[in-house]
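>>> I need the structure of the sequence given here:
(8 chains)
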Number of protein chains: 8
Amino acid sequence: MSDQTDPRVADLGFARVDVDRARRTGDAEVVYGAGKTPEQVLSILRTLHDHHPDRAVLATRLSDEALHAVEAAGATVDRVARAATLGPMPTTRGTVAVVSAGTSDAPVAAEAALTARVHGAGVDLVTDVGVAGLHRLLGVRDRLEAADVLVVVAGMEGALPSVVGGLTGVPLVAVPTSVGYGASLGGVAALLAMLNSCAPGVTVVNIDNGYGAGVFAARVARQTARPAPGAEQ
Amino acid sequence: MSDQTDPRVADLGFARVDVDRARRTGDAEVVYGAGKTPEQVLSILRTLHDHHPDRAVLATRLSDEALHAVEAAGATVDRVARAATLGPMPTTRGTVAVVSAGTSDAPVAAEAALTARVHGAGVDLVTDVGVAGLHRLLGVRDRLEAADVLVVVAGMEGALPSVVGGLTGVPLVAVPTSVGYGASLGGVAALLAMLNSCAPGVTVVNIDNGYGAGVFAARVARQTARPAPGAEQ
Amino acid sequence: MSDQTDPRVADLGFARVDVDRARRTGDAEVVYGAGKTPEQVLSILRTLHDHHPDRAVLATRLSDEALHAVEAAGATVDRVARAATLGPMPTTRGTVAVVSAGTSDAPVAAEAALTARVHGAGVDLVTDVGVAGLHRLLGVRDRLEAADVLVVVAGMEGALPSVVGGLTGVPLVAVPTSVGYGASLGGVAALLAMLNSCAPGVTVVNIDNGYGAGVFAARVARQTARPAPGAEQ
Amino acid sequence: MSDQTDPRVADLGFARVDVDRARRTGDAEVVYGAGKTPEQVLSILRTLHDHHPDRAVLATRLSDEALHAVEAAGATVDRVARAATLGPMPTTRGTVAVVSAGTSDAPVAAEAALTARVHGAGVDLVTDVGVAGLHRLLGVRDRLEAADVLVVVAGMEGALPSVVGGLTGVPLVAVPTSVGYGASLGGVAALLAMLNSCAPGVTVVNIDNGYGAGVFAARVARQTARPAPGAEQ
Amino acid sequence: MSDQTDPRVADLGFARVDVDRARRTGDAEVVYGAGKTPEQVLSILRTLHDHHPDRAVLATRLSDEALHAVEAAGATVDRVARAATLGPMPTTRGTVAVVSAGTSDAPVAAEAALTARVHGAGVDLVTDVGVAGLHRLLGVRDRLEAADVLVVVAGMEGALPSVVGGLTGVPLVAVPTSVGYGASLGGVAALLAMLNSCAPGVTVVNIDNGYGAGVFAARVARQTARPAPGAEQ
Amino acid sequence: MSDQTDPRVADLGFARVDVDRARRTGDAEVVYGAGKTPEQVLSILRTLHDHHPDRAVLATRLSDEALHAVEAAGATVDRVARAATLGPMPTTRGTVAVVSAGTSDAPVAAEAALTARVHGAGVDLVTDVGVAGLHRLLGVRDRLEAADVLVVVAGMEGALPSVVGGLTGVPLVAVPTSVGYGASLGGVAALLAMLNSCAPGVTVVNIDNGYGAGVFAARVARQTARPAPGAEQ
Amino acid sequence: MSDQTDPRVADLGFARVDVDRARRTGDAEVVYGAGKTPEQVLSILRTLHDHHPDRAVLATRLSDEALHAVEAAGATVDRVARAATLGPMPTTRGTVAVVSAGTSDAPVAAEAALTARVHGAGVDLVTDVGVAGLHRLLGVRDRLEAADVLVVVAGMEGALPSVVGGLTGVPLVAVPTSVGYGASLGGVAALLAMLNSCAPGVTVVNIDNGYGAGVFAARVARQTARPAPGAEQ
Amino acid sequence: MSDQTDPRVADLGFARVDVDRARRTGDAEVVYGAGKTPEQVLSILRTLHDHHPDRAVLATRLSDEALHAVEAAGATVDRVARAATLGPMPTTRGTVAVVSAGTSDAPVAAEAALTARVHGAGVDLVTDVGVAGLHRLLGVRDRLEAADVLVVVAGMEGALPSVVGGLTGVPLVAVPTSVGYGASLGGVAALLAMLNSCAPGVTVVNIDNGYGAGVFAARVARQTARPAPGAEQ
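Numbering: from 1, shown residues only, chains lettered A, B, ... in the order given. The predicted model follows:
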């Protein structure tokens, strides 16, 4: 009756882990590493792994120390995404294309890509196709069309989702990043641009929230009726 | 060679209509009625209908005068959504559940619902399930789970998407509305709340943008591999 | 006649302590530790204790060094709240339920709870009942109803006060926290959400201001005509 | 099973009235008149009255037309508050003192006072005690101390709650108003001032939200163990 | 010695016209029509014309009444730009290409174009080349390259300058417009996007400031060493 | 003819000091120490002293290192104000009363006081008279009335200037400070409150700008026709 | 004992007039006309006149109807300032120079000038000396130097106070106006510019607050020890 | 066909360098050093140099370490601008005058100057001509007039562009800097002021964006038909 005996919660003292989420929503709880010690990250990650041994669980926003700690404990580390997984990757259904504008947007794009993969979608990562060099974007139109859902990552003026959204009708999730300075206001400029996109059917997540975009995109991709593409991360 | 002879554009003098969009993105151009005269709305709507006689075309944000004018010309009018369609509705694939918090959010919810329907998805409209009366929301969980994608509409504090997103793993698009006063800042409070949702996998569109949410949701629903539900608007 | 001889003020050189406040408002002055050295914190805390030997006095927002210093000097330390008390706790009247959404909100909730207790109210601390997992919140409805006043602590989208306020008519003080990133704007998103709550009778304090909420709640609880509950912190 | 047969909801077609709220939270639903026609206001007010014949129900933010319509139908009208009640006032318990700074703040103060009275508290209305004329405020200290809870209403710089909060330990709810121009930013300046009050134990509601403050204050006052004061509105 | 006798100023009672500006900066004063009566607009326009009989003088932001009044008095009216000129157009040097994204941006684009022409530059007006339909923009690259300076006008997400700035190295002035709703914040979203453009060499003017962009662009174009193009408005 | 030979400027290589300002405006240039090395501060301070040997010159916003360096070089240091002077204090005319709300406001108040004194006014420093303890403020009314101009310093809700401005008609300059957290927005809340003061005749300077308030106040005080008070710092 | 018998307050039913302010602060209450009917304005103005028959009392922010009503009742009307006075102007002491940038700033400048005059200072009004035409400003330096205090009024970029403050050491009060559009944000741009002035000794009042600047400036000017100038309005 | 073989891109692993930009827009890619290691900066700089051996390539926003590293590798370092160039400077055409207000604005001005020079324009650097000392600005009018385009750099209130824009008709690019504190809001105050300049023909770039202003200005200057001035940096 008390929380300590509720099987839906794993109480680690410093945190209470929702081990019932996968049953409720289809996807397991994730370790949000910001502000946690390496020991705490590892402890939660192992707890989640124990409850979900058959599919990878995820930890994001990890410090160098936390990345080292979980790697030493057997986790697979993605240094660009600053994230790690423990357990076997699930089989995939559908494809998420993660498209990013500039080199500085790479960590957020990598977080989105890894998250989508952990949540059961195939991923096609398309980088450095910013709007100031359209030829590269136009060169990957086939890859955009081949996806079931797009995650488009951009900082500064955040124009890329509008351009991509004009090229294709694939459902599109835009991720503003905090890349920029001065009037970028920590990513607010890109966020506002994406919310005001003139291309129909663009949705948006919080600044730098590659994780949220990845979860959403995987859910969409997994529903697809299209024949499975070969593309996987 | 000049624009006047470009078959992808219909030049009405006061506006140049993109009649190529359906070929490019799968969905036809839509009449955004704000700031247009009833005559202009009607003229564009007819032009779109001429290019797409086999499926309904849509006009949104219509004044009373414009609603009257297009209705007189044979369009079907949705007075709550302040929108109209011309031509036969398409067959549907997949289901969009449009969920709204309060009575004042009804126009935005209706715009989202009509848009999703025009773009080829079935629609289940669930109204008045605000978070201050949880029993009603909990009573419709089955309808939420039955949908391929959710559009959740709320003003004021914008809490509904977080609560819904904790109940189900169905992909969720949140629509903040400008309902409120004072510190609601014209809908910015609800927008910020939705962008910061603690439920994973929530995406957001611009304030009062039922149209954008509807387009996006229809695109997701049309891809579904799930067996067709009976629900249609 | 000069300030130095005003018995209502204790002049410590670096600060002038209002030792008359308890007579004027019923509650003693409190040490706000931010920006003060451990020596200053300790000196003020002892001065307040000398003037109010019969009931605990409080110091909040303490650094690790200040926590260590006051503990060594005999104070009771609450490391989660980053606060300390000196002197015997008062008897309690009425009950404040402090309800928090996520693990990261714990320090603010603990500050509110300790403050309410020091100010003479019983406290029931209810943690980790965020809106993305409604079952846990619904499981504690009896505890909410049993309180004379609620303090509801949440960051990110700040939705919890609206949901709680729809479940019960107990007076409710909402505390936004700075937990979040990007468009949370340092807690402003949660603050705005709480100010726009659709549940009637929600009041709000400053971001991370557990102390202010605790003082207010204790004042309300102490007035109660309800029979004393057993619950104390 | 359908909403139409749910006894907790009265479906008027244009609105679905929550007639179960009093059972759930102790206080009945209220008609928020902004954006509603006089006919709609009257219809909802009568519906609420039919479900709660033994105590007054309330309509706020009424247009001149709506005030006229409900008055003609037997409601009691408060033209300063732009509000009306239908049915007998409840007996009172405890006292809410509603304190306002300037003449322009009178409508919000009146809305708070009427709301508190409808919700079962006695009310003492103290007007025109702005901080630029302290003698008047100091002259009413006894009335402040006699209350169980204070509602303090002010626009422009919003300083009154801090001054009142330094004079007394009675629980205090601050209401910023939109009175002002230029850098008052529609009441945001007063709102921010109140959130940052240096007096401990000040809580705040949305700009111009006299209703919310009144509900909250009545709930606090009704719990009081203090002997009933004579003061009623 | 008094202002009345200063030949650099024409005192009309209700306004003091700077008739020395052309000598000082090369360009005559302009009538800013907002907030002025038709009589005032006409009076100032005639005064400027009297001092500069050999080249057109300009009035902007005119009401319908003012447009009618100055037209009746012999001025040439541009109804899209809501502006008028009096006197012969100057010969041109260099070319300004005014590029706009959507139909709603037309008035600002027209104001920029007319202003540039009045200030002595040839103008090439390129409309409806928004980023959601790239083919049209790519189809006019030659016209962009042929210009000495570009004025790029866009509302909503304001992405067009970044895309154009990636296609060509012609100096580019971006003009955000107030076209949009909700999170466009009256044009602030487009303004921020343009200030954060990832394309190098983009400069920006105030929201809806077609006039300022036109003056600036004409000054740049008039300096050109390139052979005169044939294009004129 | 070159700047190097302009006697109105002293070129130190890393900075060009305006040694003509005293002739032009009556007050010498001041060293703004933020971002300067101790050596740079000392060099500029000495240069100003060389040009104005008969009256003290001022350096503000000094680091600990810079305070140490200038003290070693013979300057008089004010550690609370984080400022220093070099040279003899001028005789005074008129009195500036510097009034501050809380202990944390002391550095800004001290900067204002020292600046006023250096600029030739007598100073009366009145500390710790925040609005939450009115008795102390009321106890110093005579000192307020005795001044020729008031500088009122407060952070958090910034209410003190309004209360003081209601007690006396002495010209009043308000200085908001960055003291506070959360919704104080780095002092913006106090700034807005002061700009919206309901007391007539309150003027405001930038957040934490004790220097600017001191210069202004000294200029006003020096003009006074009132007989010289005894009060000096 | 009740307010009705307090001789310091004149209760007109719709407003309570502070007829004690002149005794307390030296200056009488003023009628703020915004939101008041012509009858209310006239009634308050007459009440103030009855209590202060020997010196003019002031009403500001009057509608056309109110201006007409008070003029018919014998008041002297200033149509540019949208203000009126009743009673004889006081003798003057000292001089306020009111300096404005553009024609659109005239109403605010006129309000400041009339207010200063009513409060007992001589006034020198200097108009149309915006920074884009420096020659005019430089031509009036003698008038600036001759004043005891300056009120500098400007909208748009609000640069004039900085330029004036660099030319003279006379105390300077800056008044931002709401003149502008787009990124002027209703006068916030000018307000921020003035608060950040690089000229020392600039103080600022609220946007469009000519009245506040006038009161403050008159208080400063009246203290002057300088010989009386001839200049009066 | 893969990116690896696209000759328009040089893939360094950690970054993909656009070596085609000079062909497309006339100007080569530039190294933006913020967030890059010294090794990365050097590697990209060398790559750009290899592709453009005949003209200098540029790296900006370099740390002390990066400045040291590139200098050791043969680059020419500008420590004020925190930038470096590699390769021979191009011959110049036209002149950019870079004008700055205060000493603290020097780094941004230096970045603009070096950028303009690298992009092929002559540069005249005019420093320390802030509006609070007009005599210095008026003393350099000839240098302003001699330029083909002006870059005007200022922080705090950002008034300098308006004053310069009133003195001359030379095209003017304004650069706000983050110099200031409190209500300067990190440069937003200066940015807003410049966007609202009352001088016609002022354009603006992002806060601290000396690079962007330099690129734009060089493009304008290189087009000039005016005879080549002698001035070079």
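>>> Strands of chain A, start to end?
Along chain A, the stretches classed as strands by DSSP state E are A:9-11, A:16-18, A:31-32, A:57-60, A:76-78, A:83-86, A:95-100, A:122-126, A:149-154, A:172-176, A:202-204.
>>> Bridge partners for the nearest residue to residue A:83 once chain neighbours are set aside, pull those for me.
Leaving aside its chain neighbours, residue A:83 sits nearest to residue A:60 (4.6 Å; criterion: C-beta to C-beta, 6 or more residues apart in numbering or on different chains). (Glycine included, C-beta is placed from N, CA and C.) Beta-bridge partners for residue A:60, by DSSP bridges, are residue A:32.
>>> re the thing from before, format the strands of chain A as a markdown table; extra columns: mean neighbour count.
A markdown table is the format used below for those (neighbours: other C-beta atoms under 10 Å in any protein chain shown):
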| stretch | mean neighbour count |
| --- | --- |
| strand A:9-11 | 17 |
| strand A:16-18 | 21 |
| strand A:31-32 | 23 |
| strand A:57-60 | 25 |
| strand A:76-78 | 17 |
| strand A:83-86 | 26 |
| strand A:95-100 | 30 |
| strand A:122-126 | 23 |
| strand A:149-154 | 31 |
| strand A:172-176 | 33 |
| strand A:202-204 | 31 |
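>>> want to throw those strands into a markdown table with distance to residue F:130?
Converted to a markdown table, the strands of chain A look like this (distance: least, C-beta to C-beta, whole Å):
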| stretch | distance to residue F:130 |
| --- | --- |
| strand A:9-11 | 44 |
| strand A:16-18 | 41 |
| strand A:31-32 | 40 |
| strand A:57-60 | 45 |
| strand A:76-78 | 53 |
| strand A:83-86 | 48 |
| strand A:95-100 | 52 |
| strand A:122-126 | 57 |
| strand A:149-154 | 48 |
| strand A:172-176 | 42 |
| strand A:202-204 | 44 |
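>>> To residue B:224, which of those lies closest?
The minimum distance between residue B:224 and the strands of chain A falls on strand A:149-154, with 12.3 Å, by C-beta to C-beta.
>>> could you give the angle of that closest one to strand A:172-176?
Our comparison of strand A:149-154 with strand A:172-176, counting by axes from the mean of the first three to the mean of the last three C-alpha atoms, to 10 degrees, yields an angle of 20 degrees.
>>> Do strand A:149-154 and chain C come into contact?
No. Strand A:149-154 lies out of reach of chain C by C-beta under 8 Å from any C-beta of the partner chain, never closer than 13.4 Å.
>>> Direction included, what does that strand pair up with?
Strand A:149-154 is paired, per DSSP bridges, with strand A:95-100 (parallel), strand A:172-176 (parallel).
>>> now it: mean pLDDT?
Strand A:149-154 shows a mean pLDDT of 98.
>>> contact partners of it?
A:94, A:96-102, A:105, A:108-109, A:112-113, A:116, A:130, A:144, A:160-161, A:164, A:168, A:170-177, A:190, A:194, A:210, A:213-214, A:217, A:220-221, B:220 (C-beta atoms under 8 Å, 6 or more residues apart in numbering or on different chains).
>>> What are the neighbouring residues in contact with the residue of chain A found nearest chain G?
Nearest residue of chain A to chain G, counting by C-beta to the nearest C-beta: residue A:183, 10.8 Å away. Listed by C-beta under 8 Å, 6+ apart, the contact partners of residue A:183 are A:189, E:192, E:195, E:196, H:188, H:191, H:206, H:207.
>>> Not counting residues beside it along the chain, what's closest to it?
residue E:195 (4.3 Å).
>>> State the distance from the one you found to chain B.
Plainly put, residue E:195 is 20 Å away from chain B if you go by C-beta to the nearest C-beta, to the nearest Å.
>>> hang on, isn't that residue packed against residue H:203?
No. With contact defined as C-beta atoms under 8 Å, residue E:195 does not reach residue H:203; the gap is 10.9 Å.
>>> so what sits against both of those two?
residue E:204.
>>> Next up, the contacts around residue A:196.
B:206, E:156, E:157, E:180, E:182, E:183, E:184, E:189, E:190.
>>> hmm, 7 Å instead?
Applying C-beta atoms under 7 Å, 6 or more residues apart in numbering or on different chains to residue A:196 gives the contacts B:206, E:156, E:157, E:180, E:183, E:184, E:189.
>>> List the ones among the residues you listed that fall in helices.
Among these, the residues falling in helices (DSSP state H) are residue E:189.
>>> on that earlier part again, mind putting the strands paired with strand A:149-154 in CSV, mean pLDDT included?
Formatted as CSV, these follow (pLDDT from 0 to 100):
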stretch, mean pLDDT
strand A:95-100, 97
strand A:172-176, 98
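>>> could those strands be laid out in TSV, adding distance to residue H:148?
Shown next, in TSV, are those (distance: least, C-beta to C-beta, whole Å):
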stretch	distance to residue H:148
strand A:95-100	38
strand A:172-176	38
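>>> wait, which of the ones you listed is closest to residue E:41?
It is, among the strands paired with strand A:149-154 and with distance given as C-beta to C-beta, strand A:172-176, at 43.5 Å.
>>> what's in contact with the closest one?
A:108, A:112, A:149-155, A:158, A:161, A:164-165, A:187, A:190-191, A:194, A:201-205, A:207, A:209-210, A:213, A:216-217, B:203.
>>> change it to 6 Å
A:108, A:150-153, A:158, A:161, A:165, A:187, A:190-191, A:194, A:202-205, A:207, A:210, A:213, A:216-217, B:203 (C-beta atoms under 6 Å, 6 or more residues apart in numbering or on different chains).
>>> swap in stretch A:210-224?
A:60, A:93-94, A:96, A:108, A:111-112, A:115-116, A:119-121, A:148-149, A:151, A:173, A:175, A:205, B:171, B:200-201, B:203, B:220, B:223-224.
>>> show me the contacts for the closest residue to residue A:186 other than its chain neighbours.
Take residue A:186 and drop its neighbours on the chain: the residue closest to it by C-beta to C-beta, 6+ apart is residue A:178, 5.2 Å away. By C-beta under 6 Å, 6+ apart, residue A:178 lies in contact with A:186, A:187, A:207, A:208.
>>> any chance of those in a markdown table, plus neighbour count?
What follows is those, written out as a markdown table (neighbours: other C-beta under 10 Å):
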| residue | neighbour count |
| --- | --- |
| A:186 | 19 |
| A:187 | 24 |
| A:207 | 24 |
| A:208 | 24 |
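>>> Looks like residue A:20 contacts residue A:8 (just checking).
Yes. Between residue A:20 and residue A:8 there is a contact under C-beta atoms under 6 Å: 3.5 Å.
>>> So which of the two has more stuff around it?
residue A:20 (19 against 16; other C-beta atoms under 10 Å in any protein chain shown).
>>> confidence score at that one?
Listed pLDDT for residue A:20 reads 83.
>>> same check, this time on residue A:2
45.
>>> And for residue A:23?
Model confidence at residue A:23 (pLDDT) stands at 83.
>>> repeat for residue A:102
86.
>>> burial measure for residue A:39, as a count.
Neighbourhood size, residue A:39 [other C-beta under 10 Å]: 12.
>>> So which residue is smack in the middle of chain A?
residue A:112 (2.2 Å; C-alpha atoms, centre = their mean).
>>> list the contacts for that residue?
A:98, A:151, A:210, A:213, A:214.
>>> do that again at 10 Å, thanks
Going by C-beta atoms under 10 Å, 6 or more residues apart in numbering or on different chains, residue A:112 touches A:81, A:96, A:98-100, A:123, A:125, A:151-153, A:173, A:175, A:205, A:209-218.
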